[in-house]
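Student: Build the 3D model from these lines:
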Amino acid sequence: MLIYEHILSKVVTMFHMLTQHLEFLQNNRNTILNMWMEYEVVQKKLRQNKMDVTFFKEKFATKVLEFAISVVKNENKTGDCPVIGVMLILFKKKNIPLSDVFIICVHLKNALLHFFMKHNILSQETLTEISFLMDYNFEGVINEYVLIYYNDSNIHTEINVHTLHKNSSTQTPLISEKKTTTAELYLQEVTVDMDAIAELNDLESDTLDAIDAQESINQNVLNEAGNLFHRYANVLNNMLEFEELAYTLTLLSELLLSVEFTKLTQETKYMLDIYLKAIISDLQNWRISIFITREAKHIHYLDKTLLSSIAQIQMTLMPQEENGEENIEFF
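Tutor: Numbers count the residues shown, from 1 in each chain. Okay, here's the model as predicted:
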């Protein structure tokens, strides 16, 4: 474990060549994404698992690449990407095989290598750095996906239980585990803007009232919910300990504010109504148990539940993949 942590601590110092090409990389993100999605095998694996290719690109692939770039920029470290956590939970809910997850993910590495090769900037050094960046991220993806399956009694896999137990101490989950800190201890160590916390209470009530006032969810309700989660994210971003939870709420806000409401079926509206009430209720209880009563035994108890809820909404909003093997042209 110490060796692995030592290696990861050096990640940010190893991207000398990629840092030199960083602006070029950022300016060509969409080209790289298109190359990733253009691989026939990626399209095939997504369609086999009833995942719309364009939906995957817009909701997941874009943010996965942005996260990889942020690691190069030393803004994040491998293993701290909530959007990948949401993606893996969604994959689990759709029962996508681990082998397909690997094929889909590894082709981002291939796209990066092909992009650098196409522009004659693929050297031994850039190849090594791209491989290092992608391989350690993929290791986190695979480890986390195995652990998600292993801990879900509703999913049966042929995992070697003995091996999993034996190696569990050396695995580094992609959805980073936080040390157990009680609300009481946390609030003794930090200063919190309680006026902002009180404002969240008012926004929660207003949003729940807006949902309850309608027989069916409407565009206004989605906007109110999106704005509530955005405000939550802004408040939590001021507290270092909750940056990942804030980012997760930002994902949820962006998702709701980008919904094409006129295309939603009545069943989808009904499910959104249920999920939004549940998420707001969870946030409300979390806020109270952390900042008001201070009785929470672990300040991060909501993190993975929220990831799962967002994945469920993603799956509800996902367009149905049409049958057919024709390629999608992104260029």
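
Student: From here on, just use CA atoms for contacts and neighbour counts.
Tutor: Noted.

Student: Nearest spatial neighbour of residue 94, chain-adjacent residues omitted?
Tutor: residue 49 (7.3 Å; Cα to Cα, 6 or more residues apart in numbering).

Student: For residue 182, see how far away that neighbour is.
Tutor: Going from residue 49 to residue 182 by Cα to Cα, to the nearest Å gives 41 Å.

Student: likewise residue 53?
Tutor: 42 Å.

Student: what about the two, which has more around it?
Tutor: The residue with the greater number of neighbours, taking residue 53 and residue 182 and applying other Cα atoms under 10 Å, is residue 53; the counts read 21 against 16.

Student: Tell me, please, where in the chain the pLDDT is lower than the cut-off.
Tutor: Low-confidence regions of the chain, defined by pLDDT under 70, span residues 1-14, 78-82, 149-178, 319-331.

Student: can I see the domain layout of it?
Tutor: As assigned by automatic domain parsing, the chain contains the domains 2-170, 183-317.

Student: what's the following helix or strand after the helix or strand harbouring residue 279?
Tutor: For residue 279, the enclosing helix or strand under DSSP states H and E is helix 266-287. With elements assigned by DSSP H and E, the helix or strand that comes after helix 266-287 is helix 303-317.

Student: Give me the helices and strands touching that following helix, please.
Tutor: helix 82-93, helix 243-257, helix 266-287 (3 or more Cα pairs under 8 Å, 6 or more residues apart in numbering; DSSP states H and E).

Student: Report the angle between the longest helix anywhere in the chain and helix 82-93.
Tutor: Taking DSSP state H as the criterion, the chain has its longest helix at helix 124-150. Calculated by axes from the mean of the first three to the mean of the last three Cα atoms, to 10 degrees, helix 124-150 forms an angle of 50 degrees with helix 82-93.

Student: List the buried residues of helix 124-150.
Tutor: Within helix 124-150, the residues that count as buried by 16 or more other Cα atoms under 10 Å are 126-127, 129-131, 133-134, 136-150.

Student: Now do that helix: which elements does it pack against?
Tutor: So helix 124-150, by 3+ Cα pairs under 8 Å, 6+ apart, packs with helix 16-20, helix 82-93, helix 98-118.

Student: Out of those helices, which gets nearest to residue 305?
Tutor: Nearest of the helices and strands packed on helix 124-150 to residue 305, taken as Cα to Cα: helix 82-93 at 10.3 Å.

Student: Show residues contacting the closest one.
Tutor: Residues from elsewhere that reach helix 82-93 (Cα atoms under 8 Å, 6 or more residues apart in numbering): 60, 63-64, 101, 141, 144-145, 148-149, 174-175, 244, 247-248, 251, 307-308, 310-312, 314-315.

Student: in it, what's buried?
Tutor: 82-92.

Student: a markdown table please, covering the residues you listed and showing distance to residue 262.
Tutor: Listed next are the buried residues of helix 82-93 as a markdown table, based on distance: Cα to Cα, whole Å:
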| residue | distance to residue 262 |
| --- | --- |
| 82 | 29 |
| 83 | 26 |
| 84 | 28 |
| 85 | 29 |
| 86 | 25 |
| 87 | 25 |
| 88 | 28 |
| 89 | 27 |
| 90 | 24 |
| 91 | 27 |
| 92 | 29 |
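
Student: any idea which element the spatially closest residue to residue 269 that is not a sequence neighbour lies in?
Tutor: The shortest distance from residue 269 to any non-neighbouring residue, by Cα to Cα, 6+ apart, is to residue 217 (5.8 Å). Under the criterion DSSP H and E, no helix or strand holds residue 217.

Student: any idea how far residue 108 is from residue 217?
Tutor: Distance, residue 217 to residue 108, using Cα to Cα: 37 Å.

Student: what do you get for residue 305?
Tutor: Distance from residue 305 to residue 108, by Cα to Cα: 28 Å.

Student: Contact partners for residue 282?
Tutor: residue 302.

Student: what's residue 299 in contact with, if anything?
Tutor: So residue 299 contacts 180-183, 186, 290 (Cα under 8 Å, 6+ apart).

Student: Need those residues in CSV (columns: distance to residue 33 and secondary structure).
Tutor: Listed next are these as CSV, based on distance: Cα to Cα, whole Å; DSSP: H, G, I helix; E, B strand; the rest coil:
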residue, distance to residue 33, secondary structure
180, 38, coil
181, 39, coil
182, 41, coil
183, 41, helix
186, 40, helix
290, 40, helix
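
Student: between the residues you listed, which is nearest residue 275?
Tutor: Once Cα to Cα is applied, the member of these that ends up nearest residue 275 is residue 290, at 22.3 Å.

Student: can you count the residues close to that closest one?
Tutor: Quick note: residue 290 (other Cα under 10 Å) scores 20 neighbours.

Student: Surely it is in contact with residue 181?
Tutor: No: at 10.7 Å, residue 290 does not count as touching residue 181 under the criterion of Cα atoms under 8 Å.

Student: Nearest the middle, which residue of the protein would you pick?
Tutor: residue 83 (1.2 Å; Cα atoms, centre = their mean).

Student: hmm, what's the outermost residue in this protein?
Tutor: residue 120 (32.5 Å).

Student: What backbone torsions are found at it?
Tutor: Residue 120 adopts backbone torsions of phi 60, psi 40, taken as degrees, to the nearest 10.
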